[in-house]
Each structure stands twice: as structure tokens, then as C-alpha cells.
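Participant: Just a sequence and a predicted model for now, questions to come.
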Amino acid sequence: MSAVAALYMDAEIRPNRSLSQRGFLILLGVITFANFSAAAVFLAMGATFVPIFLGFDLLAVIVAFLASYRSGRTVERVRVTPHEISITHETPKWSREVWRSPTAFTRITVEREEERTTALKLSLSGREVAVAEVLSPRERADFARALERAISEARRHRG
């Protein structure tokens, strides 16, 4: 057998961004145009402080979207081998392991509400970690099935 353990799952989970960078620029253009138009009207009426607040409004939108895009670069990596399960959070600048446990003793808990998968957790000896939180309930349910299959296969081929 080779020195590298077989991988039964090596998944990357990335947050879904519904607005592309091009869409963001278009939205920003529309908001800027609306704010400048409103500012011109208010300046014509003599309300000199309103354009300042409209500028703060535009700045707040930009900051919010930049923070959203920054969090969108986070990747959750789930790896399953016959010997261990590891979960790592990664960004372009850093990587941090948040969970490591023996495959044979790790439990999967899938929490459901009606027909929706609300949470997926791995647990061992009183510790637990949530997995795939950025996925939609349907995607989380699919991921839970794939993770259960991978762990089952890894346990079966443990050697």
C-alpha cells in the first residue's frame, strides 16, 4: 500500500454569490445615478446636508458588498480518509484546521425541520462542528448523503 492514504472525499464548499462582479458594478452605477439625481433635487431645494447623507449611503453599500465578497473567498474543505476526517477553512491568505477526528469514531448528525436539512454536524467525544453551513438546505442534504457514503466507504476499507 502507498504512503498516501486513500481519499474518499475531498470536497470544497464555497459560498454562493448571486451577484457577479459585473452585476455589482451595474448595481453600483444605478445606485450612484439615483443618489446623484436625488442630491441634485435636494440641492436645488436648498437642503445642503442631504447629499452628504446620500454619499454615506453609497459608501455603506460599497463597504457591505466588499465585506460580502471577502467572506465569499472562504473555502471549507472536507477530507475523509480511512483513518481521519478533517475540516479546514481556507482563504487566499490563510488556512486553519477546525476539526480532525478518527473516521471510525466520528458521528454524523443531520438535523431536519419538515423536509429541510437545517444543519449537518460531525461529533466525537462531546465535541462537534457544523459542516456545510453556507449551502442551501437541498445542497446540504445532498452533501450529507455524500459525506455519509464517504465515511461508510472509508470505514469499510480501513486497513
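Facilitator: Looks like it arrived, so ask away. Numbers count the residues shown, from 1 in each chain.
Participant: Where does pLDDT dip in this structure?
Facilitator: 1-5, 158-159 (pLDDT under 70).
Participant: Would you map the helices across it?
Facilitator: 21-44, 50-71, 137-156 (DSSP state H).
Participant: Out of those, which one sits most buried?
Facilitator: helix 137-156 (a mean of 17; mean count of other CB atoms under 10 Å). (Each C-beta comes from the backbone N, C-alpha and C, glycine too.)
Participant: Check which helices and strands that one sits against.
Facilitator: strand 9-13, strand 75-80, strand 107-113, strand 116-124 (3 or more CB pairs under 8 Å, 6 or more residues apart in numbering; DSSP states H and E).
Participant: Which residues does stretch 55-74 contact?
Facilitator: Contacting residues not belonging to stretch 55-74 are listed as 14-15, 17, 19, 21, 24, 28, 31-32, 35, 39, 89-92 [CB atoms under 8 Å, 6 or more residues apart in numbering].
Participant: Can you tell me which of those is nearest residue 140?
Facilitator: Proximity of the contacts of stretch 55-74 to residue 140 (CB to CB) peaks at residue 15, which lies at 12.9 Å.
Participant: So for that closest one, what's the nearest residue that isn't a sequence neighbour?
Facilitator: Counting by CB to CB, 6 or more residues apart in numbering, the nearest residue to residue 15 once its immediate chain neighbours are dropped is residue 134, at 4.3 Å.
Participant: residues touching that neighbour, list them.
Facilitator: Here residue 134 is in contact with 13, 14, 15, 16, 76 (criterion: CB under 8 Å, 6+ apart).
Participant: So the closest residue to residue 54 other than its chain neighbours versus residue 24, what's the distance?
Facilitator: Leaving aside its sequence neighbours, residue 54 sits nearest to residue 35 (CB to CB, 6+ apart; 4.3 Å). To residue 24, residue 35 is 16 Å away according to CB to CB, to the nearest Å.
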